[in-house]
Structure formats: C-alpha cells, structure tokens
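# let's see this in three dimensions:
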Amino acid sequence: MIAVCAGSSIVKPVLSRCFFAALSLIVPLINRKRTTGSYTPPVSDPYEPVQGAPQHFVIATVLVLSILAVMRYGLAPNIASIPLTVGIAFFAVMALLGAPLFSFLGGMGLFLFVKFFLMDPDVSRHANAFGNSVEDILGNHFARMSVLATIPLFTLAGYIMSESRMPQRLVRVSRALLGWMPGGLAVVCVFASAFFTIFSGASGITIVAVGGLLVPALLRDKYPENFSLGLVTAGGALGITVPPCLPLIVYGIVAGLQEPAPGQERLELQKFLVVGLVPGLVAIGMVIAYCVVIGVVSKVPRSRFDWAEARAALWEAKWELILPVFLLTGLVKGIFNPSQAAAFTAFYVVVMEVFVYRDLTIKDDLPRIVPESMVLVGAIFVKLCAATVLVGYFVQAQIADRLFEWLTCGPPAMAYMQAHADSIGTCREAVDILGQQGQTAGGLIDSKLSFLIALNFFLLLIGMLMDIFSAIVVVVPLIAGIALHFNINPYHLGIVFLMNLEIGYLMPPMGLNLFIAGFRFNRPVPDLYKMVLPFIALFVGALMIVTYVPSLTTFAIPRSTAANAPLAAPTPGAATPTPGGPAALPPAGNCDTPGDDESFEDFMRRCQPAEDGAATDADAAVAPATDASAAPADAAVTGG
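Purely as a prediction, here's the structure:
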C-alpha cells in the first residue's frame, strides 16, 4: 500500500498502484482466520491484525506471478470497458468478505481514476492532476501536520487509564459527591462513562471498564434492569464531541484537508476542539436529567452525603481530576495547541499511573499496553493514507459539485438555465440565482434545513454500518463540499456529523455498542433494543437542538469564522485582518522559525510557496497591490 499512497504524475506508476491495490484485496482473503463456534463481537480490539500461515506466502507468490503474466501478455480486460456497477460491486463484495477498508478505499479510487481518466486523450493532464492532489495531501499536509501526533499520544493515554485502577477511583469520587441526589448512582455512571470515552476514544473500552463496575451496583440499588443495561450501553457513546476525544481529532484532521469555499478559511483542529464542548455537555445533561427522573419514579434509595468520604475520595483521585481541567482550560484559552496537549497528557498519565499510584509497572505493563494501543493508531493512519487516493479522485472529478447539482437542480432550474443559456453555463449558477430571487430550484434538496434533515438520516445509517473512524475518512470528503454549497459552517457540520455517529452506535439492529454490551453482560442483543430506545430518543433530541441551533457550536469560534454565510475574501497582499474575513497570515519575512503568535500550520502555509518554487514571501510583501503582475505573489501570501 506504500505504492497506493505515494501519488503519481505518469500513467505507468498508476497502473502499478492498481495492481498492488487489487493484490491487497486478494491476499487478506487468503490469510483470513477461520473461526469456529458462535460469533464473538470485537470487544477487546476490533483492529487485531490477521495472522496468516507461512504456506500462504507461497500461494500469494503464485497469485502475484499469475497476475503479472496476465498483465504482460495482454490477457486482462480493458479497465475502461468494465461497467461502473461491476467495478463497484467487486470492491463491495471484497469488503464484505473481509478485505481491509484501506485497500477498499485505495483500490476504489484507483479504479475510478483509471476508468474515467486514463483512457482520455488528455490523460497526461488528468494523471498529473491526480498525482498532485494526492501528493499535496500526503506531502504538504500529512507530512507537516503536527496534529497527527495527537492520535498516538491520546490513544496511549486512554489505554493506560483503562488498564489502571482509575475507573475505581473515578467511581468512588463521583459516588461520594453525587450519590445523595435522586438517581445519584446513575449520574455517577454518566460522568464515569463520558470521562473514559473522552480519553480513550472507544466506546467498547468504556462499556467493559465502567460497565463491569457499575451494573452490579445499579442493580443492588434497585434501579430497573432495563434502565441499568441501557444506561451503560448508551454511556459508551457519551463524550465523543468533548475534547480531547479521538474521533473529534480525526475528524478535524480529515476535514482540514478539504479545500475551503472561496473566502472561507480551512477548518483548524484547535478551534474545532473548542466548539465540541458545549454540544457534548448538552447530550450529557439530557441523560443526567433522565437519570434523575428515573431515580425519583423508581424510588431508588439515596445515600447521605458524607464529608469525610468525599474528602478522602477527592484526595485519592486528585491527580486524575486535575488533568481534564488543565486540558480544557489550556485548549479554550489557547495556552497550548493540541499536539502539546497530547504530549503532556501521555507523559502525565504515565508518571501518574506508574510512579504516583503504582497501578502499573514499567517492566511488565507498559511493554504490553503500548503495542496494544498502537494497533488502533496504525489502523487509523493507514485508513487516512489510503483515503487520500479516493479523495484525489473526488477532487479531480469534482464529485461534490456534481452531487450538489444532482440534489438541487430540478426542472425550474433546468428551464431557467436553458432560457439564459447565453449567460449561465451550469445548473449550479441557475440554482444560486433562483435562490437569490426567493424561488425554488425544484430539486430533491432545496434548502439548508432540508439538507440537514437528509444528512441526519444518512449519517444515522452510516453509524450503524461502519466504525466511526472508517465513516470519517470515507464520508467526510463527500459531504464537506456539498455542505459548503449550502453555506453550512464547517465546524457546525463536524459536530452534527459526530453526534449522528454517536447515535448510530446504539441504533438497532447493527449498532456496535449493542454487540459489545450483549457480549459483556451475557445478554441476547435483541433484548438490548428496547433498553436503549429511551437513550436514543434523548440523543436524537440533543442532536436536533445542536443541528438547528448552530450558535451552540459557532459561538466559541472567532467572529470572522463563526458566520454561517461565506466569509469575505481577504484583501490580496494585505498583512492585516480584513473586516468580516479570515485573519491574514503574519507579515512575510523570516521563514526559519514561526512568529511568537503564529501557529505551526500558519507558518507552513506562509512559507510553503517559497519552498515549492513559487514567488517568495518577501517578494510578495514588497510587490505593489495595484500591480497586476503581483497577483500570483499576493495569492501565495494569503494562502491562495
């Protein structure tokens, strides 16, 4: 898959990548483990690598030689002659049979490129554009994105927390502080589940670690069994939008690769982490309110508040309780960036659990935990890498624009375009003009509201069928471009996206949390359907509030980015912020180190054109703004 992810500007390497992508689909099927007995959900690690027998290497070698012979002597069919439906069906069947998602993403992108562009007379232009788009993502973004370091660091911290006695300490302090209120133990479960999901990024870990502690306690306190199991199952999905949860970071990275609309700045991870806090608290607050109601209705006995126990519990867990407060304060105030926060968190957790609490040992535990956590990290990285191939095709083929026209361009828009053919070239222009005149274009989706409703239903289905990281790398490149056409703020879109997938974890019949909870508590999965329905209703209510009250997410963004309407483009060559537009980059000059108040990403965007052979920042800074020849340099300064 190195060849798949490398990008290319000539035809022959593209064909070789097609070969390796097809091979990566076939070989895992040969090495696939054969299991016996009943199905066991992937509780411990859904990304466990497949182990193949040594003799399978011989079979794989024979397959490689056979495919090379077919390609060498022209026995393979012309890819351009393969129907699109047949190609898509082939990759879909391979995915259903167990082929890794990264090979599906890379193989599908290369198949589409070869079919639609390779046989074009202007193939060299298409190949160069495709290779440049992939190279731009891998070389100019991935290779220079310091935020990528947050994924392994936060993942390691979450795994270490789950392996220590932190769940017991967290439950003790929560119960000491909240056990006196109606539904106190259920509220404890909500806080504990959200805390672990925030730091582990995996709902399965939360259900196994926290559920095993609290379900017996909930039943002993006379909470209804259906409520107890439903609460723990739903609790694993809480906190996905609260920083520094791993899905929030991955979405910010993937969405940051998408080209922004004209005049709108690229989504930045640090701002995205901040906007996820309030929507996450809305969902948590609604579940807490429901727990209080159940506690009152069920007449669950309440414990008396004990100052001595509260002080003892707080003192025992003081080092762990400080961490989220420190992280959230630093991210919101801009004291440090996400990469620095991740590095500090990983270091702090290791020191705390190994040297302070001594729950883990350097000799026995850390060598086991670190490789386990990196399996998940590797799965995320290889998906991100392979997805760039498919994203490269989407960019070259303008898939987002075509989908937007298909969804919005109805008979009125077509008639208007034909009547004004001399001045209107695309249906999208007709849709925009009709919208400005207050008329409908007659398409399937003709407004922001209808798009958000359709998006919610679509993402709920995706959340049932795919794990959250796969859904992010596959779906975000498709919907991000369409959402921009409807003037939906990219930060708001991201929170709506993650909250839908949060609900998808619980949706019958295929929600992942249902299988994990059924396995953990030895209950048939269908029995859990009715148990989680009240919590699905609560999550949907929170989703509706966040979806249709975008100010809950955008209020935390600086004024220049928070407006739902497209932002005004910055003045070319300006070194000061334009009113109503994104902040301009710092004045050009020193490209050796970032400025005092300049982020690493802004520094790279400012100095990258000089590295690529474009006009230098110094030239752009001194070029007159009125000189037409200075336009390319001005565009380089403003990141255009």
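# all helices for the stretch 101-250 of the chain, in order.
Residue ranges of the helices in the stretch 101-250 of the chain, as given by DSSP state H, counting those that start in this stretch, are 101-113, 123-135, 150-163, 166-178, 184-200, 203-220, 225-235, 246-256.
# out of those, which is the most enclosed?
Highest mean neighbour count among those (mean count of other Cβ atoms under 10 Å): helix 184-200, with a mean of 26. Every C-beta, even on glycine, is put in place using the N, C-alpha and C of the backbone.
# returning to that earlier point: now the helices of the stretch 101-250 of the chain as a markdown table including mean pLDDT?
Output for the helices of the stretch 101-250 of the chain, formatted as a markdown table (pLDDT from 0 to 100):
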| stretch | mean pLDDT |
| --- | --- |
| helix 101-113 | 71 |
| helix 123-135 | 52 |
| helix 150-163 | 84 |
| helix 166-178 | 83 |
| helix 184-200 | 85 |
| helix 203-220 | 80 |
| helix 225-235 | 90 |
| helix 246-256 | 82 |
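# out of those, which is closest to Y529?
Among the helices of the stretch 101-250 of the chain, the nearest to Y529 by Cβ to Cβ is helix 225-235 (9.8 Å).
# and that closest one with helix 184-200, angle?
For helix 225-235 against helix 184-200, the angle by axes from the mean of the first three to the mean of the last three Cα atoms, to 10 degrees is 20 degrees.
# for helix 225-235, packing partners?
helix 184-200, helix 203-220, helix 277-297, helix 512-520, helix 525-548 (3 or more Cβ pairs under 8 Å, 6 or more residues apart in numbering; DSSP states H and E).
# which SSE is immediately downstream of the last one?
Proceeding N to C from helix 525-548, the next assigned helix or strand is helix 551-554, under DSSP states H and E.
# show me which residues of that next one are buried.
552-554 (16 or more other Cβ atoms under 10 Å).
# could you export the helices and strands packed on helix 225-235 as CSV, including distance to T85?
Below are the helices and strands packed on helix 225-235 laid out as CSV (distance: least, Cβ to Cβ, whole Å):
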stretch, distance to T85
helix 184-200, 39
helix 203-220, 35
helix 277-297, 39
helix 512-520, 29
helix 525-548, 33
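# name the residues of the strand or helix carrying I453 that come out as buried.
Assessed by DSSP H and E, I453 sits inside helix 448-465. The neighbour-count criterion (16+ other Cβ under 10 Å) identifies 451-452, 455-456, 459-460, 462-464 as the buried residues of helix 448-465.
# and the pLDDT at A615?
For A615, the pLDDT comes out at 39.
# shift numbering so it begins at 447
Done: numbering now begins at 447, and the last item shifts to A1061.
# tabulate the buried residues of helix 997-1000 (JSON lines), appending pLDDT and distance to P972.
JSON lines is the format used below for the buried residues of helix 997-1000 (pLDDT from 0 to 100; distance: Cβ to Cβ, whole Å):
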{"residue": "L998", "pLDDT": "85", "distance to P972": "35"}
{"residue": "T999", "pLDDT": "84", "distance to P972": "36"}
{"residue": "T1000", "pLDDT": "80", "distance to P972": "41"}
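# what is the helix or strand harbouring R848 packed up against?
Taking DSSP H and E as the criterion, R848 maps to helix 845-854. For helix 845-854, the packing partners by 3+ Cβ pairs under 8 Å, 6+ apart come out as helix 873-882, helix 914-931.
# what mean pLDDT does the first one get?
So that's helix 873-882. So the average pLDDT for helix 873-882 ends up being 71.
# now for that helix, which elements pack on it?
Contact here means 3+ Cβ pairs under 8 Å, 6+ apart; on that basis helix 873-882 packs against helix 845-854, helix 857-865.
# which of the ones you listed has the lowest mean pLDDT?
Mean pLDDT per stretch puts helix 845-854 lowest among the helices and strands packed on helix 873-882, at a mean of 71.
# helix 857-865 and that one, what's the angle between them?
Interaxial angle of helix 845-854 relative to helix 857-865 (the same axes, to 10 degrees): 110 degrees.
# what's the angle between helix 845-854 and helix 547-559?
Going by the same axes, to 10 degrees, helix 845-854 makes 80 degrees with helix 547-559.
# just for the stretch 447-596 of the chain, where's the confidence low?
Low-confidence segments of the stretch 447-596 of the chain, defined by pLDDT under 70: 447-530, 541, 544-545, 547, 559-593.
# same question but for the stretch 697-846 of the chain, I mixed them up
Counting by pLDDT under 70, the stretch 697-846 of the chain contains low-confidence residues at 702-712, 834-846.
# all helices for it, in order.
Counting by DSSP H, counting those that start in this stretch, the stretch 697-846 of the chain has helices at residues 715-721, 723-743, 753-762, 764-779, 784-797, 812-843, 845-854.
# now the fourth one: buried residues?
Neighbour-count burial for helix 764-779, counted by 16+ other Cβ under 10 Å, picks out 765-767, 769-770, 772-774, 776-777.
# quick one: contacts of that helix?
Applying Cβ atoms under 8 Å, 6 or more residues apart in numbering, the contact partners of helix 764-779 are 612, 615-616, 619, 641, 644, 689-690, 716, 719-720, 723, 760, 781-782, 784, 787, 791, 794-795, 798, 802-803, 1002.
# what about R814, neighbour count?
By other Cβ atoms under 10 Å, 11 other residues sit near R814.
# that one and S896, how far apart?
Separation of R814 from S896 (Cβ to Cβ, to the nearest Å): 51 Å.
# check V795 too.
45 Å.
# what of L958?
29 Å.
# do G657 as well
Per Cβ to Cβ, G657 is found 39 Å from S896.
# thinking again about what came up before, from the contacts of helix 764-779, which would you call buried?
Buried among the contacts of helix 764-779 by 16+ other Cβ under 10 Å: 612, 615-616, 619, 641, 644, 689-690, 716, 719-720, 723, 782, 784, 787, 791, 794-795, 798, 803, 1002.
# sorry, back to before: for the helix holding R848, C-alpha coordinates in CSV please.
What follows is helix 845-854, C-alpha atoms only, in CSV (Å, rounded to 0.1, in the frame of the first residue of the first chain):
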residue,chain,number,x,y,z
ILE,A,845,-17.8,14.9,-7.3
ALA,A,846,-19.0,17.3,-4.6
ASP,A,847,-20.2,19.8,-7.3
ARG,A,848,-21.9,17.1,-9.3
LEU,A,849,-23.7,15.7,-6.2
PHE,A,850,-24.8,19.2,-5.3
GLU,A,851,-26.3,19.8,-8.8
TRP,A,852,-28.0,16.4,-8.7
LEU,A,853,-29.6,17.1,-5.4
THR,A,854,-30.6,20.7,-6.1
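# next, the angle from it to helix 914-931.
Computed by the same axes, to 10 degrees, the angle between helix 845-854 and helix 914-931 is 70 degrees.
# quick one, helix 845-854 and helix 894-911 angle?
Using the same axes, to 10 degrees: helix 845-854 against helix 894-911 is 120 degrees.
# thinking again about what came up before, adding distance to L631, write the buried residues of helix 997-1000 out as a markdown table.
Formatted as a markdown table, the buried residues of helix 997-1000 follow (distance: Cβ to Cβ, whole Å):
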| residue | distance to L631 |
| --- | --- |
| L998 | 29 |
| T999 | 32 |
| T1000 | 36 |
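# and which of those is nearest S744?
Nearest to S744, judged by Cβ to Cβ, of these is L998 at 31.5 Å.
# can you pull the pLDDT of the nearest residue to T886 once chain neighbours are set aside?
Leaving out its chain neighbours, the residue that sits closest to T886 by Cβ to Cβ, 6 or more residues apart in numbering is D892, at 5.1 Å. pLDDT for D892: 71.
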